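Student: I'd like to go over a predicted model; first the sequence, then the structure.
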Amino acid sequence: MPNFTNVPPNSGQGPSLRLRRTPAPGKLTAIVTCERLVGCPTHFWHMRTVPCEPPNCEACSNGLPWRWHGYLSAVDMKTNEHFIFEMTAQAAETFTTYAERHGTLLGCLFESHRLGDHANGRVLVRCKPMDLTNITLPKSPNLIACLCHIWNVEQPTVSIEGLLKKADRIRIDQSKANSNGSKAKTSTKKGS
C-alpha cells in the first residue's frame, strides 16, 4: 500500500540553494533571510567562480588575481524561491551599511540591477526594511555549507567574528579540527 503525504520528504543530499547574481537586463527584488553576509576571495577559474584556497591555490600559482565575493540568502519576491545571492565587494557595501544601521540583514528588502543593463555592468543595490508582519521567511541556511556544496570543496571550520567592514584581514583556518577536537579560530587584524 503506498504511503501518501502532502509534503515531499526532506532531501538527504545536503544544502541545495541555487546561486544567483544580479540579472542583465532586469532587476532582482528579494528579502534577506540571514542575519549577515559571508564572503571570501574567489577566482574565475576554468569557466566558473571558485574559492581561493591558499597556500596551494592553483589559480594563484597560475598568476590569476582574486576578487572578493559576498553571499547572503534571500527569498525572491516574484517566485518565492529561496536562493543565495552573490555580489562583489562594491555591491556588498550597501548591505554592510544597512547591517550597521539595523543590527542585522534579516528582513532587509533589496533591489539590485546593473548599470546600463549590461552583463558586466556595475551592480547597484537599494535596501530598506520590510514589514514582516504577515510574512514568514524560510529558515536561514548555513551559507558556508551551501557554498562548499556548490563549489564541491571540503567545508572548513570557520568562526567569523565582528563586522567584515571593520577588519583589514580575516584569516580562516581551513583545517577540520585540531587533534584534540577543538575547532579552529579565525583571527581578525584591525586597521590602525
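Tutor: Looks like it arrived, so ask away.

Student: how about the strands of this protein, start to end?
Tutor: 18-20, 27-32, 38-45, 48-51, 67-76, 82-88, 108-114, 123-129, 167-172, 186-190 (DSSP state E).

Student: Below-threshold pLDDT in this protein: ranges please.
Tutor: Residue ranges of the chain with pLDDT under 70: 1, 9-15, 157-192.

Student: can you do 50?
Tutor: Where the chain drops to pLDDT under 50, the residues are 12, 161-192.

Student: Break it into its domains for me.
Tutor: By the assignment in automatic domain parsing, the chain contains the domains 18-128+141-151, 156-192.

Student: Which one, of those domains, ends up nearest to residue 135?
Tutor: Nearest of the domains of the chain to residue 135, taken as C-beta to C-beta: domain 18-128+141-151 at 7.3 Å. Backbone N, C-alpha and C define where each C-beta goes, glycine included.

Student: residue contacts, residue 115?
Tutor: 121-124 (C-beta atoms under 8 Å, 6 or more residues apart in numbering).

Student: Next one: it from residue 147, what distance?
Tutor: 26 Å (C-beta to C-beta, to the nearest Å).

Student: Then residue 6?
Tutor: With C-beta to C-beta as the criterion, residue 6 and residue 147 are 32 Å apart.

Student: So which of these two has more stuff around it?
Tutor: When neighbours are counted by other C-beta atoms under 10 Å, residue 6 and residue 147 differ, and residue 147 comes out ahead with 24 against 4.

Student: tell me, what residue is most central in this protein?
Tutor: Centroid-nearest residue in the chain, with C-alpha atoms, centre = their mean: residue 71, separated by 1.7 Å.

Student: ok, now how distant is the closest residue to residue 122 other than its chain neighbours from residue 124?
Tutor: Nearest residue to residue 122, sequence neighbours excluded (C-beta to C-beta, 6 or more residues apart in numbering): residue 115, at 4.4 Å. Between residue 115 and residue 124 the distance is 6 Å, computed by C-beta to C-beta.

Student: Residue 124: neighbour count?
Tutor: 15.

Student: Hmm, it is touching residue 114, no?
Tutor: Yes - using C-beta atoms under 8 Å, residue 124 is in contact with residue 114, at 7.4 Å.

Student: Can I have the buried ones of the contacts of residue 115 as a PyMOL selection?
Tutor: The following PyMOL line selects those of these that are buried, judged by 16 or more other C-beta atoms under 10 Å:
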select buried, resi 123
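
Student: Name the nearest of the contacts of residue 115 relative to residue 19.
Tutor: residue 123 (14.8 Å).

Student: Next, the contact list for that closest one, please.
Tutor: By C-beta under 8 Å, 6+ apart, the neighbours of residue 123 are 22, 87-88, 90-91, 112-115.

Student: what's the closest non-adjacent residue to it?
Tutor: Per C-beta to C-beta, 6+ apart, closest to residue 123 is residue 91, 4.2 Å.
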